[in-house]
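[1] The following comprises the amino acid sequence and a computationally predicted model.
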Amino acid sequence: MGRIVAIGEVMVELSLAGPGQAALAYAGDTFNTALYLQRLGHEVAYATALGTDDPFTRAILQVMEREGLDASLVTRVDGRLPGLYAIERDDRGERRFFYWRGEAPVRQIAELADVEALTDAAAKADLTYLSAITLAVVGDAGRAALGGVMREARAVGFDLNYRARLWPDVETARAAIDQAARSSTYVSASDEDLEALDLMDGPQRWAAAGAEVIQRGHDHGVTIRRPAAAPVWIPGGPKAPAVDTTGAGDSFNAGYLALRLNGRDPQAAVEGGRRLAGVVVQHVGAVIPRASMPR
């Protein structure tokens, strides 16, 4: 089992359930993946920035402790609060997000966190994991700091999770995401994000630069691109009935990386990722109860 460092933002999640009703939870793309990787048997430390004396920070830290996540890389900042988001779902389980995150301390992680300690942890870990959302919320200074962390990491997993509203413009996003992908060991990308960023040629270039690229198509098929190897296409299987698709990509990434770090081949890893995601989308919220995890 591997040692993993995941970097990003964990937020207060309000899952809207009707007029005046919402379920409260704590989630974020890399946090969800980190939690599922921990449940799948890997040792995971989560790096972020939170408050100190508010009930939401305390609850997030309690979730981390309960799930076994290492909180030694969490920076605490007086007078600050975690970000918050609300999810509205349609009848097909597709979701729309509403965010309140402007004052979240993770936005100043380069100034607030111990970047040297984070770099040292990444250098010792089997995998360092982050996403395009991580890069978006930390700003220019944070991206520069995390670029240094990625250069020192033994291996990097990167999710091309593009959210246009988090970036000043698509050109800035494209440049930062392309650079991160070229520096990564594993890149998870959907055709939807690649098209939005005008990076459809990215998977071929990133594979040529040394990455294993997991490209998820509109038809739910997956193309695996690896250095010096022919692409492998894995057709989409039956779709699980979806209640909430919020955690689908995050759980797929966890299932895939968990098996790859355990030495399984990419095809087996895709099936493992699909199996976990297929269970996750049948529950409300990004993180399902531990008892519902598939074997």
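    That came in fine, so what should we check first? Numbering: from 1, shown residues only.
[2] From here on, just use CA atoms for contacts and neighbour counts.
    Will do.
[3] pretty sure Glu88 is touching Tyr99, no?
    No: using CA atoms under 8 Å, Glu88 is not in contact with Tyr99, being 11.6 Å away.
[4] the more surrounded of the two?
    Set Glu88 next to Tyr99 and count neighbours by other CA atoms under 10 Å: Glu88 wins out with 17 against 13.
[5] which ones are touching that one?
    Ser15, Leu16, Arg95, Arg96, Phe97 (CA atoms under 8 Å, 6 or more residues apart in numbering).
[6] To which secondary structure element type does the second one belong?
    So that's Leu16. strand (DSSP: H, G, I helix; E, B strand; the rest coil).
[7] Return the set of buried residues in stretch 218-226.
    Buried residues in stretch 218-226, counted by 16 or more other CA atoms under 10 Å: His220, Val222, Thr223, Ile224, Arg225, Arg226.
[8] So which of the contacts of Glu88 wins on neighbours?
    Using other CA under 10 Å as the neighbour test, the contacts of Glu88 are led by Ser15, with 22 neighbours.
[9] my read: it touches Leu84, true?
    No: using CA under 8 Å, Ser15 is not in contact with Leu84; the gap is 11.0 Å.
[10] Please enumerate the helices of the protein.
    Secondary structure of the chain, counting by DSSP state H: helices at 29-39, 55-67, 109-112, 115-124, 132-152, 170-182, 191-196, 202-208, 248-261, 266-280.
[11] For Gly236, find the nearest of the ones you listed.
    Closest approach to Gly236 among the helices of the chain is made by helix 266-280 (9.4 Å; CA to CA).
[12] Show residues contacting that closest one.
    The contact list for helix 266-280 (CA under 8 Å, 6+ apart) reads 222, 224, 234, 239-240, 245, 247-249, 251-260, 286-288, 292-294.
[13] Buried among those? Need that as a selection in ChimeraX.
    Burial among these is assessed by 16+ other CA under 10 Å; the matching ChimeraX selection reads:
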select :222,224,234,245,247,248,249,251,252,253,254,255,256,257,258,259,260,286,287,288
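[14] Please name the residues that touch the residue lying closest to Arg174 once chain neighbours are set aside.
    Using CA to CA, 6 or more residues apart in numbering and skipping the chain neighbours, the partner closest in space to Arg174 is Leu197 (5.8 Å). Listed by CA under 8 Å, 6+ apart, the contact partners of Leu197 are Val170, Ala173, Arg174.
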